[in-house]
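Give me a 3D structure for the following:
(chains A, B, C and D)
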There are 2 protein chains.
Amino acid sequence: MDTQNEKLTIQQVAELTGLSVHTLRYYERIGLIHAIDRAQNTHRRYSMDDVGWIDFLNKLRAAGMSIQQMQAYSELQRQGDVTLPERVEMLKTLRLQAEACMDELRENLKIIHYKIDYYEGVIAEGENLQEVS
Amino acid sequence: MDTQNEKLTIQQVAELTGLSVHTLRYYERIGLIHAIDRAQNTHRRYSMDDVGWIDFLNKLRAAGMSIQQMQAYSELQRQGDVTLPERVEMLKTLRLQAEACMDELRENLKIIHYKIDYYEGVIAEGENLQEVS
DNA sequence: TCTTGACTTAGAGTGCGCTCTAAGTTGTAA
DNA sequence: TTACAACTTAGAGCGCACTCTAAGTCAAGA
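Numbering: from 1, shown residues only, chains lettered A, B, ... in the order given. Below you'll find the predicted structure:
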């Protein structure tokens, strides 16, 4: 079995990547994905490499990269290894942003945690008072 | 000095909370903030309690709560302590979501980390080859 | 042959969370 | 008194990231 060359329909890729078929076409249109190969009937046929790239795009998104930045990254990627230093810079910047974001989130969660504890205290007190009265 | 009763202008509250004056009025309009006290000239005058509430709203936002959910939360808050259990539930749900989000982000960052290391290896290799040739 | 369903395109529409505009009022300082 | 800055309102506009629509093509199965 030549699994390397098996080609996937847009529907299958949507299921594999969690993106909708609409979004897959949208990503291709705006240049996040290169022009996908076509079957004779003009239908898209994705390779596993394509799926790998889309998975990576998903990670960039989830890490907080904007569509615009992803367009820039994809363009660099298409230009080959010459742009590796630039791409590394982008990834490093993204990492810093994401880490800052996580630190802030952690702080906020701490405060929300306190709030939950405090409120549960108040609720417990209210129940005790009811028992007394 | 009666700092408790000092009242702040919308501009001052914008600076204190990091929200724009537009956003402060917007939040009030959609019910995230109760109707703020007015000076004789109809200008808003915020109390420090108001600022505290707005800071808390900011934390909810930063933790990923939507405006809609914040509207619901604010409405419950206005109804008083009877709604404490419901609010605690909302906060607990938010905490779970935020923690899941952080876990995912951590995973993605790990992969981005690997990618950076790998690319830096490729770049270093390329430089070595150049020295040889 | 006919229907069904998966695909295609260009382009319009949506929901979110602001963000800005226009027109008007008020208070202070030159 | 006149300029200016800070505020007010209702409502329009915007950027992002999709998401959907309409109209059409094509291949397989009843």
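
quick one: the helices in chain A?
Assigned by DSSP state H, chain A shows helices spanning A:10-17, A:21-29, A:48-62, A:67-78, A:84-132.

Quickly check: the longest one near chain B or not.
Yes - using Cβ under 8 Å from any Cβ of the partner chain, helix A:84-132 reaches chain B at A:84-85, A:87-88, A:91-92, A:94-95, A:98-99, A:101-102, A:104-106, A:108-109, A:111-113, A:115-116, A:119-120, A:122-123, A:126. (Each C-beta comes from the backbone N, C-alpha and C, glycine too.)

With mean neighbour count as added columns, please give the helices of chain A in a markdown table.
Shown next, in a markdown table, are the helices of chain A (neighbours: other Cβ atoms under 10 Å in any protein chain shown):
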| stretch | mean neighbour count |
| --- | --- |
| helix A:10-17 | 16 |
| helix A:21-29 | 15 |
| helix A:48-62 | 17 |
| helix A:67-78 | 15 |
| helix A:84-132 | 14 |
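
With adjacent residues omitted, what lies nearest to residue A:97?
Nearest residue to residue A:97, sequence neighbours excluded (Cβ to Cβ, 6 or more residues apart in numbering or on different chains): residue A:64, at 6.0 Å.

Could you export the helices of chain A as a markdown table, including mean pLDDT?
Written out in a markdown table, the entries for the helices of chain A read as follows (pLDDT from 0 to 100):
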| stretch | mean pLDDT |
| --- | --- |
| helix A:10-17 | 97 |
| helix A:21-29 | 98 |
| helix A:48-62 | 97 |
| helix A:67-78 | 98 |
| helix A:84-132 | 93 |
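
now the ones you listed in a markdown table, with distance to DNA strand D?
Converted to a markdown table, the helices of chain A look like this (distance: least, Cβ to the nearest atom of the strand, whole Å):
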| stretch | distance to DNA strand D |
| --- | --- |
| helix A:10-17 | 10 |
| helix A:21-29 | 4 |
| helix A:48-62 | 6 |
| helix A:67-78 | 3 |
| helix A:84-132 | 13 |
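
Would you reformat those as JSON lines and include distance to residue A:41?
Converted to JSON lines, the helices of chain A look like this (distance: least, Cβ to Cβ, whole Å):
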{"stretch": "helix A:10-17", "distance to residue A:41": "13"}
{"stretch": "helix A:21-29", "distance to residue A:41": "16"}
{"stretch": "helix A:48-62", "distance to residue A:41": "18"}
{"stretch": "helix A:67-78", "distance to residue A:41": "27"}
{"stretch": "helix A:84-132", "distance to residue A:41": "36"}
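
Minimum distance to residue B:31: which of the ones you listed has it?
Nearest to residue B:31 among the helices of chain A is helix A:84-132 (20.3 Å), distances taken as Cβ to Cβ.

about what we covered before: would you list the phi and psi of the residue nearest to residue A:97?
Main-chain dihedrals, residue A:64, degrees, to the nearest 10: phi 100, psi 10.

how many neighbours does it have?
15 (other Cβ atoms under 10 Å in any protein chain shown).

what sits against it?
Residues near residue A:64 by Cβ atoms under 8 Å, 6 or more residues apart in numbering or on different chains: A:94, A:97, A:98, A:101.

and the gap between it and residue B:113?
15 Å (Cβ to Cβ, to the nearest Å).

before we move on, what about residue A:15?
Following Cβ to Cβ, the distance that separates residue A:15 from residue B:113 is 28 Å.

swap in residue A:63?
From residue A:63 to residue B:113 the distance is 11 Å (Cβ to Cβ).

if I pick residue A:81, what's in contact with it?
B:122, B:126.

Tabulate the CA atom coordinates of stretch A:100-110 in PDB.
Extracted C-alpha coordinates of stretch A:100-110, given in PDB (Å, rounded to 0.1, in the frame of the first residue of the first chain):
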ATOM      1  CA  ALA A 100       3.100  36.400  28.700                       C
ATOM      2  CA  CYS A 101      -0.500  35.700  27.900                       C
ATOM      3  CA  MET A 102      -0.300  32.500  30.000                       C
ATOM      4  CA  ASP A 103       1.200  34.300  32.900                       C
ATOM      5  CA  GLU A 104      -1.500  36.900  32.900                       C
ATOM      6  CA  LEU A 105      -4.100  34.200  32.600                       C
ATOM      7  CA  ARG A 106      -2.600  32.400  35.600                       C
ATOM      8  CA  GLU A 107      -2.800  35.600  37.700                       C
ATOM      9  CA  ASN A 108      -6.400  36.100  36.800                       C
ATOM     10  CA  LEU A 109      -7.300  32.600  37.500                       C
ATOM     11  CA  LYS A 110      -5.700  33.000  41.000                       C
END
